[in-house]
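>>> here you go, sequence then predicted model.
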Amino acid sequence: MMNEIKTYNLSQLEDLTSRYGQPKFRAKQLYEWLVGKHAISYDEMTNLPKDFRAQLAQDYPLATCEVIDRQVSKDGTRKYVVCFHDGCMVETVAMPTGENDERLTVCFSTQVGCAMECAFCATGREGFCRNLTANEMTEQVSLVERDFGRRVTNLVAMGQGEPFLNYDALIEALRMANSADSFNIGARHITVSTCGIIPGIDQLAEEPEQFTLAISLHSAIQEKRDQLMPRVSHQPLPSLKKSLKHYVEKTNRRVSFEYLLIKGVNDGEEDLQALLDFCDGLLCHVNLLPMNKIAGSPFQPSPRYIADHWISTLGKHHIEATMRRSRGSDIAGACGQLKNSLQNVSRETI
């Protein structure tokens, strides 16, 4: 299996190096290259014997992702179309933020395509292809670190795909990212964004790590949410709220709601009141999102004054709310836009 060796712990690598007749300390060196330094080639592992490296390359090939397209926004955001060994492609976004860009956040994909078919999402038009492996998720983090020449500080599973439909690989990737031997990203700086897959929420509540949870809500009116997000219509809002209450009680962690404001669709007074009712009794934060224009989409962004009104009203009800600043809008900012727009491009490797 391609990249199988990247999943080995130190004990397994000790067994492997022993089979090759190598001393035990070689396992630690190999572990540091694979897990700590995220090597993409055995040629990088210069403290390992050349013959040993050649044997590993033959028996345990390291398939690395390639960057098919890379665009840089005027605000510093970088967006990549990433191709894996089988030709499948996803998008990855890197956002330097903070007063001096001290934070570097990576929004990574968990699936190739997406089965959720959300009406406002460019990726939803593509359909589902396959799940990503844990290594394919962390490789997206590695390529950003190589491109920026600095460590990633924050992660969001909010690229292409529904993370909780690939739960086991997702958690493995998050633990790799959190490990002090690997990326060493604090669990509270790692967020999983879901359409509201209730079994996944319940399972995350039982995990020992303090990963954070964001829910793509987009409407607290059942009929509207079903139209916008048809694949979660079988998981009604009352059941979602019950699951979130359990999550908060179990973890004592706040839930974030992602709410895309769409002009004339979900930005009226009845929509605001429904959101207030849904948030009542929950430890939560509301992220209002600006709508990215997508070619061929009937949806348009709400005026800024509506967002200001919502933030003010939510605040009066003691619900913290913010308007997320649109980033990367000049480089096909919405997930799936850049990948879907590519035609006849050549590959470049980072």
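Thanks, I have the structure now.

>>> let me see the ranges of the helices in the stretch 151-300 of the chain.
Ranges of helices in the stretch 151-300 of the chain, per DSSP state H, counting those that start in this stretch, are 167-178, 198-205, 222-228, 237-251, 269-279.

>>> ok, which of those comes nearest Glu4?
When the helices of the stretch 151-300 of the chain are compared by CB to CB, helix 167-178 sits nearest Glu4, at 13.2 Å. Every C-beta, even on glycine, is put in place using the N, C-alpha and C of the backbone.

>>> residues making contact with that closest one?
Applying CB atoms under 8 Å, 6 or more residues apart in numbering, the external contacts of helix 167-178 come out as 7, 35, 110, 131-135, 137-138, 141, 155, 157, 163-164, 182-187, 190, 192, 200, 203, 207, 209, 211.

>>> between helix 198-205 and it, find me the angle.
30 degrees (axes from the mean of the first three to the mean of the last three CA atoms, to 10 degrees).

>>> just name the shakiest helix or strand of this protein by mean pLDDT.
The least trusted helix or strand in the chain, going by mean pLDDT, DSSP states H and E, turns out to be helix 337-341, with a mean of 54.

>>> that older thread, in strands, which of the contacts of helix 167-178 fall?
The strands, defined by DSSP state E, take in Asn131, Leu155, Ala157, Ile190, Val192 from the contacts of helix 167-178.

>>> count of neighbours near the nearest residue to the fourth one once chain neighbours are set aside?
Taking CB to CB, 6 or more residues apart in numbering as the measure, Ile190 lies nearest to Leu155, with 4.6 Å between them; neighbours along the chain are not counted. Burial of Leu155, expressed as a neighbour count using other CB atoms under 10 Å, amounts to 28.

>>> distance of Leu155 from Glu145?
12 Å (CB to CB, to the nearest Å).

>>> cool, Glu139 as well?
From Glu139 to Glu145 the distance is 11 Å (CB to CB).

>>> now Leu165
From Leu165 to Glu145 the distance is 27 Å (CB to CB).

>>> ok, those two, which is more surrounded?
Set Leu165 next to Glu145 and count neighbours by other CB under 10 Å: Leu165 wins out with 20 against 16.

>>> can you count the residues close to Ala187?
17.

>>> ditto for Arg231
By other CB under 10 Å, 17 other residues sit near Arg231.

>>> now it, nearest residue through space, not along the chain?
Arg231 sits nearest to Met116 (CB to CB, 6+ apart), 4.5 Å away.

>>> who does the longest strand along the chain touch, helix- and strand-wise?
Ranked by residue count and defined by DSSP E, the top strand of the chain is strand 89-97. If you count contacts as 3 or more CB pairs under 8 Å, 6 or more residues apart in numbering; DSSP states H and E, strand 89-97 packs onto strand 78-83, strand 103-108, strand 111-113, helix 134-148, helix 337-341.

>>> tell me the angle of the longest one relative to strand 89-97?
If you take the same axes, to 10 degrees, helix 134-148 sits at 50 degrees to strand 89-97.

>>> distance from the chain centre to helix 134-148, please.
12 Å (CA atoms, centre = their mean, to the nearest Å).

>>> identify each buried residue in that helix, please.
134-145, 147-148 (16 or more other CB atoms under 10 Å).

>>> neighbours of Glu162, how many?
25.

>>> I'd guessed it sits against Ile197; true?
Yes. With contact defined as CB atoms under 8 Å, Glu162 reaches Ile197; the gap is 6.5 Å.

>>> so, low pLDDT: which residues of this structure?
1-3, 294-296, 328-329, 332-350 (pLDDT under 70).

>>> who does the residue most central in space within it bridge with?
In the chain, the C-alpha nearest the mean C-alpha coordinate belongs to Ala157, at 1.8 Å (CA atoms, centre = their mean). Note on Ala157: beta-bridge partners by DSSP bridges are Phe108, Val192.

>>> distance check, it against Lys250.
20 Å.

>>> then Phe25?
Relative to Lys250, and taking CB to CB, Phe25 is found at 43 Å.

>>> can you check Ile190 too?
18 Å.

>>> quick one: which of these two has more around it?
Higher neighbour count among Ile190 and Lys250: Ile190, with 21 against 12, using other CB under 10 Å.

>>> can I assume that one is in contact with Asn154?
Yes. If you go by CB under 8 Å, Ile190 and Asn154 touch, sitting 7.4 Å apart.

>>> domains of the chain?
The chain breaks down by automatic domain parsing into domains covering 4-59, 66-341.

>>> what about Ile215, how many residues nearby?
23.

>>> could you report the neighbour count for Glu32?
So Glu32, with other CB under 10 Å, has 15 neighbours.

>>> which SS class is it?
Recorded secondary structure, Glu32: helix (DSSP: H, G, I helix; E, B strand; the rest coil).

>>> distance of it from Thr212?
29 Å.

>>> and Val72, by the same measure?
For Val72, the distance to Thr212 - CB to CB - is 28 Å.

>>> kindly report the same for Gln222.
Distance, Gln222 to Thr212, using CB to CB: 26 Å.

>>> neighbour count for the two, which is higher?
Thr212 (18 against 13).

>>> from what I can see that one touches Arg188, true?
Yes. Assessed by CB under 8 Å, Thr212 is found in contact with Arg188 at 6.1 Å.

>>> picking that back up, the residue nearest to Arg231: neighbour count?
21.

>>> got it, and the one 4 residues further on?
Look at Phe120: counted by other CB under 10 Å, it has 20 neighbours.
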